[in-house]
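Enquirer: pasting the sequence and the predicted coordinates here, then a few questions.
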Amino acid sequence: MTWDILNIIGTIAFAISGAFIAREEDYDLLGVYVLGFTTAFGGGLVRNLLIGLPIENIWKQENIFEIAFLGITIVFFLPNIWIGRLKKWVVFFDAIGLAAFAIQGANYAVSIEAPLIVVIMAATMTGAGGGMIRDIFAGRKPMIFHSEIYALWAAFAGIAIGLGAIRGPYATFFLLIVIVFLRMISVYFNWNLPHKHTK
Amino acid sequence: MTWDILNIIGTIAFAISGAFIAREEDYDLLGVYVLGFTTAFGGGLVRNLLIGLPIENIWKQENIFEIAFLGITIVFFLPNIWIGRLKKWVVFFDAIGLAAFAIQGANYAVSIEAPLIVVIMAATMTGAGGGMIRDIFAGRKPMIFHSEIYALWAAFAGIAIGLGAIRGPYATFFLLIVIVFLRMISVYFNWNLPHKHTK
Amino acid sequence: MTWDILNIIGTIAFAISGAFIAREEDYDLLGVYVLGFTTAFGGGLVRNLLIGLPIENIWKQENIFEIAFLGITIVFFLPNIWIGRLKKWVVFFDAIGLAAFAIQGANYAVSIEAPLIVVIMAATMTGAGGGMIRDIFAGRKPMIFHSEIYALWAAFAGIAIGLGAIRGPYATFFLLIVIVFLRMISVYFNWNLPHKHTK
C-alpha cells in the first residue's frame, strides 16, 4: 500500500518534471511526451534495477500510464506566460520524486536487513536515478552533483529509515513532506554544501 | 523466426549507425568499433531490460557479432569522399533499427496482453533505446527529442500491432518497410511536430 | 577468491577515479561522494548487467562500501597543491578499474564457453562500463572513444584469457599489472590509434 502510493507519487512527479524540462529545451510535441515518460519510468527502471525487482513490472502498472500521460499533457498546454515560473516547478516536482523514490530505496534496503551505510546509499541512488536520466537525456549535468543541497536529503531519508525512526504509512508520508520541504528551503535560501575548491 | 530476423536487422542497423557517428566525431580505430558495438548491443540491452529478457542472452547470439564486426569494418574503410553523405546514411540505418526494435517491443507487449497505451510506450522506448545510447555516448542530444518526426513512427508501430492489424512475418516485414519509409520521408521533407514554444 | 579481489580492486579504483573527476568539475561535498559511489557501483552495475549477475548483489558486499567511502574521503581532503597532478591519478585509477573489470568480464565469458570474439567484447565492455558512467555523469565524452589507446588493452585481456593463456590467481594478477602498465605507457608516450580522418 505505502509502496504503491510512493510509486505513483514518484512516477508522476518525475513525469511532470521531465515535461517541464522538455519545454525548457524546446523539444517537440512527442519529445515532451518521451522525456516525460522516460523520466517517469526511467526513475522506476533505475529503482527496480538497483533493488532487484523485475524491470518488466513497469509495464504491468496500468493506470499510472494514463495519469502520467494526463500530467504531461497538462504541462504541454500550460500557457506561455507560465514559462518564467517553470524552473521553480521543475525543482518542486523533482523534489517529490526524489523523496518518494529515496524512501522506497531505503525501505527495501531495510527489508533485506542491510547495514546503515547501505540503506543510505540505496536511498540516495534510488532517489536520484530518475532525475539523472532526465538531465542526461536533456543534455545537462545531473542536478545531484552541483545543485543546492540535494543528495543530502535523500541520504537523510536513508538515515531516518535505517535507524528505525520511521515506521508505517503515516510516519512515511510525514517523512516525504519533510524531505520535500527541506529540499525546497535549500533552494529558496540557496544553501550550498562546501566545495573543496573554495577552501 | 520473425524475432530473430528483426533482432539481426536492428542490431546490424544500429552497429552501422554507431560506426558512422563515430567517424563523424573523429573517434579512433577502436572507438569506431566500440561505438558500433555499444550502439548495436546497447540497443539490445535496453530492449532486453525493458521487456524482461535475460541480458546475458546478448552474448549467446554468436553469428551476429561477426556480422556487426563486418558492417563496422566496412564503414571504417569507406573512402573519405563518402563522408559528405554520412549524415544521411546514419539516419537511414537508425530508421531501420528504430523500426525493428519498435516492432519487437510492441510484439512483446501484445504477448503479455498489455493494454494499447502500454504497447505504444513499449514500441517507442524499445525502438529508441539504441539510438539514445549512441547519441549520449557521442555527446549529442538524443535524436528522439528534437529530430524530424521520429518517435511518432515507433508509436505508430505500437498502434498497428496493438490494434491487431499486423500478424505474421509478411505483414510484420511490410510494417518495417512502411515505418522506415515514413521516417525517411519525414527527414526528406523536413517535417516537424509542433513545438509549443513557437505557438 | 580471484573474483572477490578483482571486484574490490576495480570498485575502489573507480570510486577514487570518480572522486578525482568530481573535484576537477568543482562538485560539492556530497557531489564528490555521489560521483565516487556511482562510478564505483555503476561499474559493478554495468558488469552485473552485462554478465547476468543479480544487480542487488551490489548491496550485499558490506565492507567494500566502507573502503570506497574511505578512499573518496581521502581524495576529498587532498590538499589543493595536488590538484595539478589530479589528471594523471584519474588515469591511473581508471586503468586499474578497466583492467580488473575487463578480466572479470573475460573470465565470465570463458566460463560460459563463449567464442573468442564474445570474450573480447565482454572484456572490453565490462572494463569500460564504470568509466563510461563516470564520464557521462561528469558531462564528458567517455574516455574510451578518443583517449590514447584504451579499449585495446581491455580487448587484449579478453584475447589473453580467451586463448587460455592466463589461468589461476597469480597469472591473473600478473595480467592485471601488465594491462595497467600498458595503459599507462600509452598515455605517457601519447600513443594513439589511427584515426580514419587523418588518412
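Expert: Everything's here; your move.
Enquirer: quick one: low-confidence parts of chain A?
Expert: For chain A, applying pLDDT under 70 flags the ranges A:1, A:83-87, A:148, A:192-199.
Enquirer: which parts of chain A are helices?
Expert: Secondary structure of chain A (DSSP state H): helices located at A:2-24, A:29-51, A:62-76, A:86-111, A:116-137, A:151-162, A:168-188.
Enquirer: which parts of the fifth one are buried?
Expert: Of the residues in helix A:116-137, A:117-137 count as buried by neighbour count, 16 or more other C-beta atoms under 10 Å in any protein chain shown. C-beta coordinates here come from the backbone N, C-alpha and C atoms, glycine included.
Enquirer: send me it as PDB with only the CA atoms.
Expert: Written as PDB, here are the backbone C-alpha positions of helix A:116-137 (Å, rounded to 0.1, in the frame of the first residue of the first chain):
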ATOM      1  CA  LEU A 116      23.000   1.500   7.800                       C
ATOM      2  CA  ILE A 117      25.500   2.700   5.200                       C
ATOM      3  CA  VAL A 118      23.900   0.500   2.500                       C
ATOM      4  CA  VAL A 119      20.400   1.900   3.400                       C
ATOM      5  CA  ILE A 120      21.800   5.400   3.000                       C
ATOM      6  CA  MET A 121      23.300   4.600  -0.400                       C
ATOM      7  CA  ALA A 122      20.200   2.800  -1.600                       C
ATOM      8  CA  ALA A 123      18.100   5.800  -0.600                       C
ATOM      9  CA  THR A 124      20.400   8.300  -2.300                       C
ATOM     10  CA  MET A 125      20.800   6.400  -5.600                       C
ATOM     11  CA  THR A 126      17.300   5.200  -5.900                       C
ATOM     12  CA  GLY A 127      16.000   8.700  -5.300                       C
ATOM     13  CA  ALA A 128      18.400  10.400  -7.700                       C
ATOM     14  CA  GLY A 129      18.100   7.900 -10.600                       C
ATOM     15  CA  GLY A 130      15.100   9.400 -12.400                       C
ATOM     16  CA  GLY A 131      16.500  12.900 -12.200                       C
ATOM     17  CA  MET A 132      19.800  11.700 -13.500                       C
ATOM     18  CA  ILE A 133      18.300  10.100 -16.500                       C
ATOM     19  CA  ARG A 134      16.200  13.100 -17.300                       C
ATOM     20  CA  ASP A 135      19.100  15.500 -17.000                       C
ATOM     21  CA  ILE A 136      21.400  13.300 -19.200                       C
ATOM     22  CA  PHE A 137      18.700  13.000 -21.800                       C
END
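Enquirer: wait, does it make contact with chain C?
Expert: Yes: against chain C, helix A:116-137 shows contacts by C-beta under 8 Å from any C-beta of the partner chain at A:117-118, A:121-122, A:124-125, A:128, A:132, A:136.
Enquirer: got it, and the shortest one?
Expert: Yes: with C-beta under 8 Å from any C-beta as the threshold, helix A:151-162 lies in contact with chain C, specifically through A:151-152, A:155.
Enquirer: for that helix, name the packing helices and strands.
Expert: Helix A:151-162 sits against helix A:86-111, helix A:116-137, helix A:168-188, helix C:29-51, with contacts defined as 3 or more C-beta pairs under 8 Å, 6 or more residues apart in numbering or on different chains; DSSP states H and E.
Enquirer: now the second one
Expert: For helix A:29-51, the contact count by 3+ C-beta pairs under 8 Å, 6+ apart identifies helix A:2-24, helix A:62-76, helix A:86-111, helix A:116-137, helix B:29-51, helix B:116-137, helix B:151-162, helix C:29-51 as packing neighbours.
Enquirer: so is the longest one next to chain B?
Expert: By that I understand helix A:86-111. No: judged by C-beta under 8 Å from any C-beta, helix A:86-111 and chain B are separated, with a smallest distance of 11.3 Å.
Enquirer: which strands or helices does that helix pack on?
Expert: helix A:2-24, helix A:29-51, helix A:116-137, helix A:151-162, helix A:168-188.
Enquirer: specify the stretch among the helices of chain A that is closest to B:Gly105.
Expert: Nearest of these to B:Gly105, taken as C-beta to C-beta: helix A:29-51 at 13.0 Å.
Enquirer: chain center to the closest one: distance?
Expert: Here the centre of helix A:29-51 is set off from its chain's centre by 11 Å, with C-alpha atoms, centre = their mean, to the nearest Å.
Enquirer: can you check stretch A:38-54 too?
Expert: Computed by C-alpha atoms, centre = their mean, the chain-centroid distance of stretch A:38-54 equals 11 Å.
Enquirer: now stretch A:45-57
Expert: For stretch A:45-57, the distance to the chain centre is 15 Å (C-alpha atoms, centre = their mean).
Enquirer: repeat that for stretch A:105-114.
Expert: In terms of C-alpha atoms, centre = their mean, the centre of stretch A:105-114 is found 18 Å from the chain centre.
Enquirer: try stretch A:94-106
Expert: Centroid displacement of stretch A:94-106 relative to its chain, using C-alpha atoms, centre = their mean, is 5 Å.
Enquirer: for it, buried residues please.
Expert: Across stretch A:94-106, burial judged by 16+ other C-beta under 10 Å covers A:94-106.
Enquirer: what does stretch A:15-34 give?
Expert: For stretch A:15-34, a neighbour-count test (16+ other C-beta under 10 Å) marks A:15-23, A:25, A:27-34 as buried.
Enquirer: related to what we said a few turns ago, the helices and strands packed on helix A:86-111: which one's closest to B:Ile177?
Expert: Closest to B:Ile177 of the helices and strands packed on helix A:86-111 is helix A:29-51 (C-beta to C-beta; 21.8 Å).
Enquirer: setting aside sequence neighbours, what's the nearest residue to the residue of chain A found nearest chain C?
Expert: Per C-beta to the nearest C-beta, A:Gly52 is where chain A lies closest to chain C, at 3.0 Å. Closest residue to A:Gly52 apart from its sequence neighbours, by C-beta to C-beta, 6 or more residues apart in numbering or on different chains: C:Glu56 at 3.0 Å.
Enquirer: who wins on neighbours among the residues of helix A:151-162 next to chain C?
Expert: When neighbours are counted by other C-beta atoms under 10 Å in any protein chain shown, A:Ala151 leads the residues of helix A:151-162 next to chain C with 26 neighbours.
Enquirer: need phi/psi at A:Arg167.
Expert: Main-chain dihedrals, A:Arg167, degrees, to the nearest 10: phi -140, psi 140.
Enquirer: where's it relative to A:Phe173, distance?
Expert: Going from A:Arg167 to A:Phe173 by C-beta to C-beta, to the nearest Å gives 12 Å.
Enquirer: who's more crowded, those two?
Expert: Neighbour count, other C-beta under 10 Å: between A:Arg167 and A:Phe173, A:Phe173 has more, with 16 against 10.
Enquirer: from what I see, A:Leu30 and B:Phe156 are in contact.
Expert: No: A:Leu30 lies out of contact with B:Phe156 (C-beta atoms under 8 Å); the separation is 11.0 Å.
Enquirer: quick one: neighbours of the closest residue to chain B within chain A, just the number.
Expert: Of all residues in chain A, A:Glu56 sits closest to chain B, at 3.0 Å by C-beta to the nearest C-beta. Around A:Glu56 there are 17 other residues, counting by other C-beta under 10 Å.
Enquirer: ok, A:Ser17 to C:Ile51 distance?
Expert: According to C-beta to C-beta, A:Ser17 stands 33 Å off from C:Ile51.
Enquirer: hmm, back to that, and the buried residues of helix A:116-137 near chain B, which?
Expert: Contacts with chain B are made by A:136-137 out of the buried residues of helix A:116-137, judged by C-beta under 8 Å from any C-beta.
Enquirer: neighbours of A:Ile166, just the number please.
Expert: 22.
Enquirer: let me fix that, I meant to ask about A:Phe76.
Expert: 17.
Enquirer: A:Ile51 against A:Gly127, yeah?
Expert: No: at 11.9 Å, A:Ile51 does not count as touching A:Gly127 under the criterion of C-beta under 8 Å.
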